[in-house]
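**Student:** Would you be able to build a 3D model of this:
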Amino acid sequence: LHPVTEELIRRRAEHNDCEILSLEEVSLHQQDIERIEHVDRWCRELRILYLQNNLIPRIENVGRLKKLEYLNLALNNIQVIENLEGCESLRKLDLTVNFVGLLSSVESLQHNAHLRELFLVGNPCTEFQGYRQYVVTALPQLKWLDGTEISRSERIRASQGLEQVRSTTRQGEETRDLEVKANLIQTFPDGLNVCVFLLSSQDDKENLRSAEEEEQDFWHTPCSFTPESRLEAHRRLEEEKNANRKEPEKKNKPPRTLITADGRVMNINEPKLAFSLTEDEENDAVVLDLAVYRHMDTSLMDVDVQPTYARVSVKGKMFQVVLPAEVKPDSSTARRSQTTGHLVLTMPRAEGELRVQKPVPRRRRDAPSRSSAEDRNRKDKIPERLEVDPSKRKSVDITNIVSERSSGEDLQEKQDLTAELPEGFMDDPEVPPLI
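**Tutor:** Model prediction:
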């Protein structure tokens, strides 16, 4: 059996953050479900429910879904339309390709005043004479039947000769009931391809056909399309799928090493989460900010704080970090951010914990101590002079700043200057020369 479980619904409610109480739409198609259950208690806000392509034989446990507007039960094993009176808001019902043979069960939908669309294509009742006329008359609130709009003139014509249509419908239902019973009585291969071999002894096994031959006969021999044949075909497909399914080889993972044999704590980040580890000097604490998934439930996390390390289990994956200082586990707190979802661990430092201070720059000590004479001079405030080797002294020779000129050049220059002097000029020897 494949029941409807809470895990299945949560897995199908990813669009609603896996919350099922406020779920308005859920798709449970192709899940091999054999019974409708729990949905009416867990998902009261449902508006759309998809249950097509399952093995559901009966409509049940949906009467509490007062807000349900669309119910899809196509490709199932339903034979009677029932138990939908409580779905007050139902507007569309899809029962395509089922085994509804009791056409009069359609009248149970008269209580669904808001029903506008109904699909019964592929059901045995659609082969009855006057099928459409009967449904149109029985459900006056219906606007569409099998994808075709119901016009006003069609509804007026359907109301005429209703008694004759009902008698024809009853005959068709009786004929259908006899056919179903006949098919159940018939033996293989004329009827259902359902065979049960009772192997009582080794001789019987030898006389019976092999399993492979029986399997070939089942798939190649025509049979009636009934709920029983559909269930048997599904059972065989499931067995074949399980037989061909190879079990994955279990790889033994090496044991997780959190603390080495010599007592050294390891840093581990299996969930691969971003984190920051800071020291709060004002509150004298160590703060660990772990970027946990925002929508993950807090019950999936486990926190363990030790004096020298912190460990967080996230969905079974381990996160462990060594702390920069010894902390108090009993005074530590763990909080979850409501906006980002981050997990914040605040761990006060232990009393007596030595803090690591920043190094203070110091002056470098002078090279070897000087002589006592120099110390005395410094104390007496005697100015110090640099000693220079006289042999290596170099001084500026001011005598060669102006280059010497020859006496002929000076005499010629004086003659030129004298020639330019005015007639009344008198040369005073006590006055220094201008040049």
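**Student:** in the chain, which helix has the most residues?
**Tutor:** When secondary structure is assigned using DSSP state H, the longest helix within the chain turns out to be helix 162-185.
**Student:** how many neighbours does R166 have?
**Tutor:** For R166, the neighbour count with other C-beta atoms under 10 Å is 16. The way it works is simple: take the backbone N, C-alpha and C, and place the C-beta from them, glycine included.
**Student:** ok, then the element right after the helix or strand of the chain with the lowest mean pLDDT?
**Tutor:** Between all helices and strands in the chain, the lowest mean by mean pLDDT, DSSP states H and E belongs to helix 202-207, at a mean of 49. The element immediately downstream of helix 202-207 (helix or strand, assigned by DSSP states H and E) is helix 211-220.
**Student:** That next one: which residues count as buried?
**Tutor:** F218 (16 or more other C-beta atoms under 10 Å).
**Student:** For that helix, list the C-alpha coordinates in CSV.
**Tutor:** Once non-C-alpha atoms are left out, helix 211-220 reads as follows in CSV (Å, rounded to 0.1, in the frame of the first residue of the first chain):
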residue,chain,number,x,y,z
ALA,A,211,6.8,-18.0,-15.0
GLU,A,212,8.2,-16.4,-18.1
GLU,A,213,5.5,-18.1,-20.3
GLU,A,214,2.8,-17.0,-17.9
GLU,A,215,4.1,-13.5,-18.0
GLN,A,216,4.1,-13.4,-21.8
ASP,A,217,0.5,-14.7,-21.8
PHE,A,218,-0.6,-12.1,-19.4
TRP,A,219,0.6,-9.1,-21.5
HIS,A,220,-0.4,-10.5,-24.9
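**Student:** how distant is it from the center of its chain?
**Tutor:** Centroid displacement of helix 211-220 relative to its chain, using C-alpha atoms, centre = their mean, to the nearest Å, is 45 Å.
**Student:** list the helices and strands it packs on?
**Tutor:** In terms of contacts (3 or more C-beta pairs under 8 Å, 6 or more residues apart in numbering; DSSP states H and E), helix 211-220 is not packed against any helix or strand.
**Student:** That helix - what's its average pLDDT?
**Tutor:** Averaged over helix 211-220, pLDDT sits at 73.
**Student:** try stretch 284-303
**Tutor:** Predicted confidence along stretch 284-303 averages 90 (mean pLDDT).
**Student:** How about the secondary structure of the closest residue to N54 other than its chain neighbours?
**Tutor:** In this structure, N54 finds its nearest non-sequential neighbour in I33, 4.3 Å apart by C-beta to C-beta, 6 or more residues apart in numbering. The three-state label for I33, taken from DSSP: H, G, I helix; E, B strand; the rest coil, comes out as coil.
**Student:** So I33 sits against P57, correct?
**Tutor:** No - counting by C-beta atoms under 8 Å, no contact exists between I33 and P57, whose distance comes to 10.7 Å.
**Student:** Compare the two (neighbour count), which wins?
**Tutor:** Between I33 and P57, counted using other C-beta under 10 Å, I33 has the larger neighbour count: 20 against 17.
**Student:** list the contacts for the more buried one?
**Tutor:** Contacts of I33 were listed using C-beta atoms under 8 Å, 6 or more residues apart in numbering, and they are H2, P3, V4, L51, N54, L55, I56.
**Student:** Which phi and psi values does the nearest residue to S337 once chain neighbours are set aside adopt?
**Tutor:** Nearest residue to S337, sequence neighbours excluded (C-beta to C-beta, 6+ apart): V344, at 6.7 Å. For V344, the backbone dihedrals (degrees, to the nearest 10) come out as phi -110, psi 120.
**Student:** give the contact list for Q338.
**Tutor:** Taking C-beta under 8 Å, 6+ apart as the test, Q338 contacts no residue whatsoever.
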